[in-house]
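**Q** dropping the sequence and predicted coords here.
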Amino acid sequence: MSNHQFGMSELARFAEEGYLRLGRVASDEHLQAMRDRIDDIMMGKVRYEGMPMQRDTDTGEYGELPTRTYEESAETLAYRRIDDLQLDPLYLGYMQHPFFREVTEALVGPNVSIFRAMFMNKPAEHGTHLPWHQDVGIGWGLDANPETTVWTALDAATVENGCMEVVVGSHMHGVINEMHFPSEADQARYAREEDCIYLEAEAGEAILLNNLLLHRSARNPTGNPRRAFSIAYMDAATRAVKTGETFPVIFGEGALTGGERIDGALAEGAMTNGR
Ligand SMILES: O=C(O)CCC(=O)C(=O)O
């Protein structure tokens, strides 16, 4: 049995603040395996046909980011973002962890797909500034807005290395800009300094985010990477407006198979830290 709990008080707190610390879900061994695997993917030692990869910028300017494309061979740890990690059995196993089943069942329902399963990196002495944004809106091209993201720190995330900053309670405002980034005026209105907190996280810590929560992150001037894994779960009935297609199913009918079950036991401390 799992030592995690996700019940009424957690739901109430998440509804109020728009984020919730879930604690450690991956064991030390699993976490290390995920770090090694993503480095292997970046270094071209493990490849998945068509996996979209985006290089980081040198300048840190969001506007200078290159498009996400499948790269044949680019042996570098200087990637900012890698999508479709459900293609990797280790990451799929993490996404299908029984605890996330419990959380998504409570928030989404029995049949759950993903809009995205992405690696988000601030490479050592690099990283790109990510401006305030919500992860919803017409720009996402979906017939319903997803609201449930699980963001996991693969390395400790700190103010120094570009951890996320969030505006507590900002999900209550609904969609601020249908095209992702709020205007300067809306930032002044909705991202008031007194409501912003830094979401520092221990390595392995998972944090639940409402997709409507305003968040941003800075660069990483330190000598070590700040790696993270972000999963946007949604109702499996959600379709892409343009194509009518549904998305990879993680839980419920037609769920992907082949995920590596890590182990029965879960890491100590999940859902017990109440910070
Ligand atoms: O990891 C970060 O700095 C930002 C992640 C993010 O924007 C997301 O998971 O939606």
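**A** Cool, the structure landed. Residues are numbered from 1 along each chain as shown.

**Q** hey, let's count contacts and neighbours off CA atoms from now on
**A** Fine.

**Q** near the ligand at all, stretch 204-211?
**A** No - Stretch 204-211 lies out of reach of the ligand by C-alpha under 6 Å from any ligand atom, never closer than 7.4 Å.

**Q** average pLDDT for the longest helix belonging to the chain?
**A** In the chain, with assignment by DSSP state H, the single longest helix is helix 28-42. What helix 28-42 shows for mean pLDDT is 96.

**Q** contacts for that helix next, please.
**A** 46-47, 74-79, 90-91, 119, 154, 204, 262, 267 (C-alpha atoms under 8 Å, 6 or more residues apart in numbering).

**Q** repeat for stretch 205-217
**A** Outside stretch 205-217, the residues touching it (C-alpha under 8 Å, 6+ apart) are 14, 18-25, 129-136, 146-154, 162-172, 174-175, 191.

**Q** which of the residues you listed fall within strands?
**A** Cross-referencing the contacts of stretch 205-217 against strands under DSSP state E gives 19-24, 130-133, 148-153, 164-167.

**Q** and the ligand, which of the residues you listed contact it?
**A** Among the ones in strands among the contacts of stretch 205-217, the ones lying near the ligand by C-alpha under 6 Å from any ligand atom are W151, M164.

**Q** and the ones in strands among the contacts of stretch 205-217, which are buried?
**A** 19-24, 130-133, 148-153, 164-167 (16 or more other C-alpha atoms under 10 Å).

**Q** up against the ligand, what does the stretch 101-250 of the chain have?
**A** So far as C-alpha under 6 Å from any ligand atom goes, the stretch 101-250 of the chain lies against the ligand at M120, W151, M164, S217, A228, S230.

**Q** and the least confident of the contacts of helix 28-42?
**A** A267 (41).

**Q** ok so V103 is a helix residue?
**A** Yes - under DSSP: H, G, I helix; E, B strand; the rest coil, V103 sits within a helix.

**Q** so where is the stretch 1-150 of the chain shaky, pLDDT-wise?
**A** Where the stretch 1-150 of the chain drops to pLDDT under 70, the residues are 1-4, 71-73.

**Q** what helix or strand does the residue in it positioned nearest to the ligand sit in?
**A** The minimum distance from the stretch 1-150 of the chain to the ligand, using C-alpha to the nearest ligand atom, falls at M120 (5.1 Å). For M120, the host element (DSSP states H and E) is strand 112-122.

**Q** that strand packs against which elements?
**A** strand 79-82, strand 226-235, strand 249-251 (3 or more C-alpha pairs under 8 Å, 6 or more residues apart in numbering; DSSP states H and E).

**Q** can I get these in a markdown table including mean neighbour count?
**A** Output for those, formatted as a markdown table (neighbours: other C-alpha atoms under 10 Å):
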| stretch | mean neighbour count |
| --- | --- |
| strand 79-82 | 22 |
| strand 226-235 | 25 |
| strand 249-251 | 24 |
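
**Q** any chance of those strands in JSON lines, with distance to T69 too?
**A** Putting the helices and strands packed on strand 112-122 into JSON lines (distance: least, C-alpha to C-alpha, whole Å) gives the following:
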{"stretch": "strand 79-82", "distance to T69": "9"}
{"stretch": "strand 226-235", "distance to T69": "19"}
{"stretch": "strand 249-251", "distance to T69": "23"}
